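> Dropping a prediction and its sequence here:
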Amino acid sequence: MTDTETPTTPASTSTPAGPPRLTRLTFHGPLSEARAQGLVRRLTRTDPRTVLDIGCGWGELMLRVLAAAPRATGVGLDLNTEDLARGRRTAQARGLAERAEFVEESATGTSRGPADLVLCVGSSQALGTAEPPGHLAEALRELRRLVSDDGRVLLGEGFWQRSPTPAELAGMWPQAAATDHPDLAGLLDAVVAAGFRPEWTETANLDEWEEFESAYQADVEVWLARNPGHPLAAETRERLDRHRGQWMSYRGVLGLAYLTLVPAL
């Protein structure tokens with residue numbers, strides 16, 4: 001759902017700093033404050049003691065869970081050092097540093113877990129090596145392994161709201177195919193086949209998608225408008241325009257489901 005990001009380059013004495021990165025985003029996905037609050041309430045009803053966040057980024061949702069479940073500890077796994085550092089700073093500022101660990105580590109085949117609560121929001125590709133569409137079944141098998149029998153999984157996973165046209169697919173990510181995602185019914189069938197029951201099903205709405213996609217690029221768009229002659233301006237413009245074109249191709253076509261899953265015994 002996101003294009004490759006160009007890292008900010010250090011400022012020199014003669015060149016202004018490069019573009020900022022994701023300063024307008026609270027969550028790295030189409031998730032409103034109201035939905036996040038509802039998710040946290042639901043996910044902490046069972047009083048989890050251990051939380052594992054797969055592809056955590058800066059771990060905003062995990063930190064909110066920890067704030068609402070004062071006996072819980074959490075571990076977030078990601079490979080982006082900048083996001084992990086942001087998560088550690090936020091945890092420190094909220095008094096959660098002793099209960100939140102941010103680890104630069106691949107989730108593929110991880111030995112961590114089982115945890116009482118596993119968060120995997122937009123990160124199922126981090127749990128295996130299979131390409132779409134096989135990655136979903138592989139990720140669900142891993143999630144069942146990583147969650148305790150009386151725990152919960154929050155899976156944030158893409159689905160087609162309707163079948164994409166060939167022209168829409170051509171404008172999305174490289175090699176996009178109709179088989180990359182199931183529809184919502186197919187996603188729920190895959191969840192059940194992997195040994196879960198769906199406790200709660202909800203999907204991101206258009207407002208959440210527009211908030212996310214706008215905030216994803218907003219700080220860089222402002223930077224580019226103010227720094228057209230910067231050495232990074234041309235590649236930044238190309239990246240922004242490419243991602244906006246992708247968004248316009250999957251807008252209203254690609255959905256994101258937030259599924260609260262119970263392991264079936």
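Looks like it came in fine. Computed from a predicted structure; not experimentally measured.
> residues near residue 207, how many?
10 (other Cβ atoms under 10 Å). (Glycine included, C-beta is placed from N, CA and C.)
> for residue 83, same thing?
Counted with other Cβ under 10 Å, residue 83 comes out at 21.
> Please apply the same query to residue 119.
25.
> Settle this for me: it is touching residue 57, isn't it.
No. Between residue 119 and residue 57 there is no contact under Cβ atoms under 8 Å: 10.6 Å.
> Can you tell me which residue is spatially central in the protein?
A centroid search over the chain (Cα atoms, centre = their mean) returns residue 122, at 3.7 Å, as the residue closest to the centre.
> and the gap between it and residue 157?
With the distance defined as Cβ to Cβ, to the nearest Å, residue 122 ends up 8 Å from residue 157.
> who touches both of the two?
Counting by Cβ atoms under 8 Å, 6 or more residues apart in numbering, the shared contacts of residue 122 and residue 157 are residue 256.
> how about the helices of the stretch 1-150 of the chain, start to end?
In the stretch 1-150 of the chain, the segments counted as helices under DSSP state H, counting those that start in this stretch are 33-43, 60-68, 81-93, 134-146.
> Make a markdown table from those helices and add distance to residue 105 to it.
As requested, the helices of the stretch 1-150 of the chain are exported to a markdown table (distance: least, Cβ to Cβ, whole Å):
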| stretch | distance to residue 105 |
| --- | --- |
| helix 33-43 | 23 |
| helix 60-68 | 15 |
| helix 81-93 | 10 |
| helix 134-146 | 14 |
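> Mean neighbour count, those helices: which tops it?
helix 60-68 (a mean of 22; mean count of other Cβ atoms under 10 Å).
> Let me know the angle separating that helix from helix 81-93.
With axes from the mean of the first three to the mean of the last three Cα atoms, to 10 degrees applied, the angle from helix 60-68 to helix 81-93 works out at 20 degrees.
> State the mean pLDDT of helix 60-68.
In this model, helix 60-68 carries a mean pLDDT of 98.
> what does that helix rub up against?
26-28, 31, 36, 39-41, 43-44, 48, 51, 53, 56, 72-74, 76, 87, 90-91, 94, 96, 99-100, 117, 119, 121, 154.
> Using PDB, write down the CA coordinates of that helix.
The C-alpha trace of helix 60-68 is given here as PDB (Å, rounded to 0.1, in the frame of the first residue of the first chain):
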ATOM      1  CA  GLU A  60       1.600   3.300  18.200                       C
ATOM      2  CA  LEU A  61      -1.100   0.700  18.600                       C
ATOM      3  CA  MET A  62       1.000  -1.600  20.800                       C
ATOM      4  CA  LEU A  63       1.800   1.400  23.100                       C
ATOM      5  CA  ARG A  64      -1.900   2.200  23.400                       C
ATOM      6  CA  VAL A  65      -2.600  -1.400  24.300                       C
ATOM      7  CA  LEU A  66       0.100  -1.300  27.000                       C
ATOM      8  CA  ALA A  67      -1.300   1.900  28.400                       C
ATOM      9  CA  ALA A  68      -4.700   0.200  28.700                       C
END
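> What is the distance between that helix and the centre of its chain?
15 Å (Cα atoms, centre = their mean, to the nearest Å).
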